[in-house]
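Engineer: Show me how the following folds:
(one chain, ligands or ions: 1)
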Amino acid sequence: MSAGVKICGLTTKQDIAYINELKPKAAGFVVGYPKSKRNLPLSEAELLMKEVDQEILKVAVTVSPEVAFAMEIEEAGFDVLQIHGEFDKRILDECKITIWRAANIKESLDAYHEAMKLPKQVKAVVLDGANAGGGKTFDWEQVVSEIKERTKLLILAGGLNRDNVAQGIKTFHPDLVDVSSGVEGTCGKDREKIQEFMTEVTRNG
Ligand SMILES: O=C(O)c1ccccc1NCC(=O)[C@H](O)[C@H](O)COP(=O)(O)O
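Structural biologist: Numbering: from 1, shown residues only. Sure thing, here's the model as predicted:
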């Protein structure tokens, strides 16, 4: 079966229209991280998220969230909370929401190995470039040669685009591929780029 696609960093009604037409598996909204050009206040992300078709997973993506913010995200109705940066484990006690833990690959793979050991509520590990949403790949060959343990779903992210996603799938056999920069135009997401990316994924399993 083909890898699913997550289109991340949605910010406009136009982006939502593309997603509802092209139907990736998941749609991501960056919240609580004003340093990002894709950041939205939670209330705005919630309004857009409610416009996303029912069958598409709605993912709130954030960095080092406090427990109270994780609770707000859950209450807003997102399906998944994707956590970059620090992970306060008390979130697991206070929230029931499915968590995807991001491992931003800088030098070591420690973050990946730690993420794989987390409790079952953490359903997936997102292998991402050094900087979230940075549009840059990491050293795939080096990383895949060091990954043995795989007890959760694997999501490949970081610098993917229509030209390299086939190789990424061949290298990691991920459950999902996650893209943001690679499907952007000058102003938000680009419909043609999303479509071409999704076609490549379908073609390459
Ligand atoms: O997109 C951001 O600016 C961002 C900021 C903080 C945390 C996560 C963020 N993005 C997450 C993603 O878009 C993806 O999970 C992933 O990093 C892929 O991004 P890209 O390399 O741009 O395709």
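Engineer: OK, contacts around Arg101?
Structural biologist: For Arg101, the contacting residues are 82-83, 87, 115, 118, 122, 124-126, by C-beta atoms under 8 Å, 6 or more residues apart in numbering. Where you see a C-beta, it was placed from the backbone N, CA and C, and this is true even at glycine.
Engineer: Need the three-state assignment for Glu21.
Structural biologist: helix (DSSP: H, G, I helix; E, B strand; the rest coil).
Engineer: Pull the number of nearby residues for it.
Structural biologist: Glu21: 11 surrounding residues under other C-beta atoms under 10 Å.
Engineer: residues in contact with it?
Structural biologist: Contacts of Glu21 by C-beta under 8 Å, 6+ apart are Arg191.
Engineer: Start at 182, not 1
Structural biologist: With 182 as the first residue, the last one maps to Glu202.
Engineer: about what we covered before: can you tell me which of the contacts of Arg282 are in helices?
Structural biologist: Of the contacts of Arg282, the ones assigned to helices by DSSP state H are Ala296.
Engineer: Out of the contacts of Arg282, which are close to the ligand?
Structural biologist: Val307 (C-beta under 6 Å from any ligand atom).
Engineer: in the host helix or strand of Thr380, what counts as buried?
Structural biologist: Taking DSSP states H and E as the definition, one finds Thr380 inside helix 372-384. Neighbour counts over helix 372-384 (16 or more other C-beta atoms under 10 Å) mark 372, 374-375, 377-379, 381-382 as buried.
Engineer: Now stretch 270-280 - C-alpha only, PDB.
Structural biologist: The C-alpha coordinates for stretch 270-280 follow below in PDB (Å, rounded to 0.1, in the frame of the first residue of the first chain):
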ATOM      1  CA  LYS A 270       5.400  13.600  29.700                       C
ATOM      2  CA  ARG A 271       2.700  14.900  32.000                       C
ATOM      3  CA  ILE A 272       0.800  15.500  28.700                       C
ATOM      4  CA  LEU A 273       0.300  11.800  28.600                       C
ATOM      5  CA  ASP A 274      -1.400  11.900  31.900                       C
ATOM      6  CA  GLU A 275      -3.600  14.800  31.200                       C
ATOM      7  CA  CYS A 276      -4.600  14.300  27.500                       C
ATOM      8  CA  LYS A 277      -6.000  11.300  25.500                       C
ATOM      9  CA  ILE A 278      -5.100  12.800  22.100                       C
ATOM     10  CA  THR A 279      -2.900  10.700  19.800                       C
ATOM     11  CA  ILE A 280       0.600  12.000  19.800                       C
END
